[in-house]
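Trainee: Output the structure for:
(chains A and B)
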Amino acid sequence: DQQVKQNSPSLSVQEGRISILNCDYTNSMFDYFLWYKKYPAEGPTFLISISSIKDKNEDGRFTVFLNKSAKHLSLHIVPSQPGDSAVYFCAASARGSGGSNYKLTFGKGTLLTVNP
Amino acid sequence: GAVVSQHPSWVICKSGTSVKIECRSLDFQATTMFWYRQFPKQSLMLMATSNEGSKATYEQGVEKDKFLINHASLTLSTLTVTSAHPEDSSFYICSAREDWRTEAFFGQGTRLTVV
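Mentor: Below you'll find the model as predicted:
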């Protein structure tokens, strides 16, 4: 049962344009969402996160939007750069469900290619 | 800050032998560490969660006697793949988090090949 879904396995955009990466979730207990970036043969790098009490969080070129009613979040990268080419993972955590482990549930990832 | 170091980055071993992978938090105290496995073109699958000084909690379907996890200190966790078989070949990644954070930080990963 895939609780976090990234339905687009790949996305290709032109340098300077906007990249929009989408993520859907099914577990209504998730209350914290994160985006990670991963290069081949490396561990994921934390990018940006958002709590369920917000609908937007911005950090430089990266903005994450959360639509709780639709159980959908998206990562916007503006402007896209060739160095942004990587696999992007969406992850979710149910912090309010008790316990302190804050396990992350990951989507399958979207390969972003930014063409020069 | 928040650097996690994983060692080795790759290892090749013979079938039937055991392999130990180390995960260290270099500049923070990791109250919780997580071990993941990633198959090609697949997501990161959580194998187990460990808290310092206590037994690891394994996800359903993960054999605890095969994948031994030790989290003896706040900066070090180890994963030992015992009696490795070719089907254990995979990319293993650890992550660690401090008590006050939700986001976890990942090591570089270990590519295990069992021949």
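Trainee: Counting neighbours, what do you get for the closest residue to chain A within chain B?
Mentor: Closest contact between chain B and chain A, by CB to the nearest CB, is at B:Phe106 (3.5 Å). (Each C-beta comes from the backbone N, C-alpha and C, glycine too.) Using other CB atoms under 10 Å in any protein chain shown, B:Phe106 has 23 neighbouring residues.
Trainee: hang on, isn't it packed against B:Tyr92?
Mentor: No: when contacts are counted by CB atoms under 8 Å, B:Phe106 is not listed as touching B:Tyr92 (11.3 Å).
Trainee: just the helices in chain B please.
Mentor: Remark: no helices are assigned in chain B by DSSP state H.
Trainee: in the chain, which segments are predicted with low confidence?
Mentor: Picking chain A for this. Segments of chain A classed as low confidence (criterion: pLDDT under 70) are A:1, A:96-101.
Trainee: wrong one, chain B
Mentor: Looking along chain B with the criterion set at pLDDT under 70, you get B:1.
Trainee: at 90 what do you get?
Mentor: For chain B, applying pLDDT under 90 flags the ranges B:1-3, B:27-28, B:30-32, B:39-45, B:50-55, B:71-73, B:97-104.
Trainee: For it, what lies in contact range of chain A?
Mentor: B:4, B:6, B:9, B:31-32, B:34, B:41-44, B:46, B:49, B:51, B:57, B:91, B:93-95, B:97, B:99, B:102-109, B:111 (CB under 8 Å from any CB of the partner chain).
Trainee: in chain A, what residue is nearest chain B?
Mentor: Closest approach between chain A and chain B, counting by CB to the nearest CB: A:Gly43, at 3.5 Å.
Trainee: Give me the neighbour count for that residue.
Mentor: 24.
Trainee: buried residues in stretch B:47-66?
Mentor: B:47-52, B:56-58, B:62 (16 or more other CB atoms under 10 Å in any protein chain shown).
Trainee: Farthest pair within those?
Mentor: By the measure CB to CB, B:Glu52 and B:Val62 form the most distant pair in these, at 20.0 Å.
Trainee: Tell me where the chain has strands.
Mentor: Unless you meant another one, I'm taking chain A. Counting by DSSP state E, chain A has strands at residues A:4-5, A:10-14, A:19-25, A:32-38, A:45-51, A:56-59, A:62-67, A:72-77, A:86-93, A:105-106, A:110-115.
Trainee: my bad, the chain I had in mind was chain B
Mentor: Along chain B, the segments classed as strands by DSSP E run B:4-7, B:10-13, B:19-25, B:32-38, B:44-51, B:57-58, B:67-73, B:76-81, B:90-97, B:105-106, B:110-114.
Trainee: Any chance of TSV for those, columns distance to A:Ser80?
Mentor: What follows is the strands of chain B, written out as TSV (distance: least, CB to CB, whole Å):
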stretch	distance to A:Ser80
strand B:4-7	28
strand B:10-13	31
strand B:19-25	32
strand B:32-38	25
strand B:44-51	24
strand B:57-58	39
strand B:67-73	39
strand B:76-81	36
strand B:90-97	26
strand B:105-106	23
strand B:110-114	29
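Trainee: and A:Leu66, what are its bridge partners?
Mentor: Taking DSSP bridges as the rule, A:Leu66 bridges to A:Leu73.
Trainee: How about the contacts made by it?
Mentor: When contacts are counted by CB atoms under 8 Å, 6 or more residues apart in numbering or on different chains, A:Leu66 touches A:33, A:50, A:52, A:54-56, A:72-73.
Trainee: Now the two most distant members of those.
Mentor: The largest distance within the contacts of A:Leu66, taken as CB to CB, falls between A:Lys54 and A:His72 and amounts to 14.3 Å.
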